[in-house]
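*Asks:* Show me the folded form of this:
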Amino acid sequence: MDRCPWCLKDEIYIKYHDTEWGVPVHDDRIHFEFLVLESAQAGLNWLTILKKRNNYRKAYSEFDPQKVSLFDEKKVQELLNDVGIIRNKRKIESSIANAKAFLEIQREFGSFDTYIWSFTDGRPIINYWESIDEVPAKTSLSDKISNDLKKRGFKFVGSTIIYSHMQAIGIVNDHITSCFRHKELLQFNS
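*Replies:* Presented below is the predicted three-dimensional model:
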């Protein structure tokens, strides 16, 4: 069975690739989870974050944006001492700011899901890359979403992070065409 080559070095990566990456997400808690994790990943690799994912779930109240929005300085210090997550004060503080901005989007649009999928009229973008080298790090759409999120108060949401988010939540199908998941995920575009 052929897979995208980026995931072949670790079982955690393979499981993530085979079951989550590129599958359209419509659950706000999962959207928030990926935003927190992808922001934490900035400057690091995704495998490092995936290995810490369960620790993040515990530290971040199962990624409940309402609870995270209420984290105070005491909680920030607790997180800075948590060896199970990335202990970067700016990233931790940005996750709290992002929780507050996330809640504002929910109030304005009814859900974060409605907001994020509005950029593609609710349909995944299907790419037909033959090689992993063709997959972009960012696009004009990720630039647009990133800029809009920044205007709404989000931090650590540059275009590259947002493109990773778009891939993770299935807004784009960037599995290469020889990967078995590319064809499987086409069902979400019909």
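
*Asks:* Got phi/psi on residue 20?
*Replies:* Geometry field for residue 20 lists phi and psi as phi -120, psi -50, criterion degrees, to the nearest 10.

*Asks:* same for whichever helix in the chain runs longest, what does it pack against?
*Replies:* Longest helix of the chain, by residue count under DSSP state H: helix 89-109. With contacts defined as 3 or more C-beta pairs under 8 Å, 6 or more residues apart in numbering; DSSP states H and E, helix 89-109 has these neighbours: helix 28-41, helix 65-69, helix 73-80, helix 112-117. All C-beta atoms are positioned from the backbone trio N, CA, C, and that covers glycine.

*Asks:* Just name the most buried of those helices.
*Replies:* helix 28-41 (a mean of 22; mean count of other C-beta atoms under 10 Å).

*Asks:* can I have that helix written out in PDB, keeping just the CAs?
*Replies:* The C-alpha coordinates for helix 28-41 follow below in PDB (Å, rounded to 0.1, in the frame of the first residue of the first chain):
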ATOM      1  CA  ASP A  28     -15.200  22.900  16.600                       C
ATOM      2  CA  ARG A  29     -13.300  21.200  19.400                       C
ATOM      3  CA  ILE A  30     -11.100  19.400  16.800                       C
ATOM      4  CA  HIS A  31     -10.600  22.700  14.900                       C
ATOM      5  CA  PHE A  32      -9.400  24.300  18.100                       C
ATOM      6  CA  GLU A  33      -7.100  21.300  18.900                       C
ATOM      7  CA  PHE A  34      -5.400  21.500  15.600                       C
ATOM      8  CA  LEU A  35      -5.000  25.300  15.900                       C
ATOM      9  CA  VAL A  36      -3.300  24.900  19.300                       C
ATOM     10  CA  LEU A  37      -1.100  22.000  18.100                       C
ATOM     11  CA  GLU A  38      -0.100  23.700  14.800                       C
ATOM     12  CA  SER A  39       0.700  26.900  16.600                       C
ATOM     13  CA  ALA A  40       2.900  24.900  19.000                       C
ATOM     14  CA  GLN A  41       4.600  23.300  16.100                       C
END
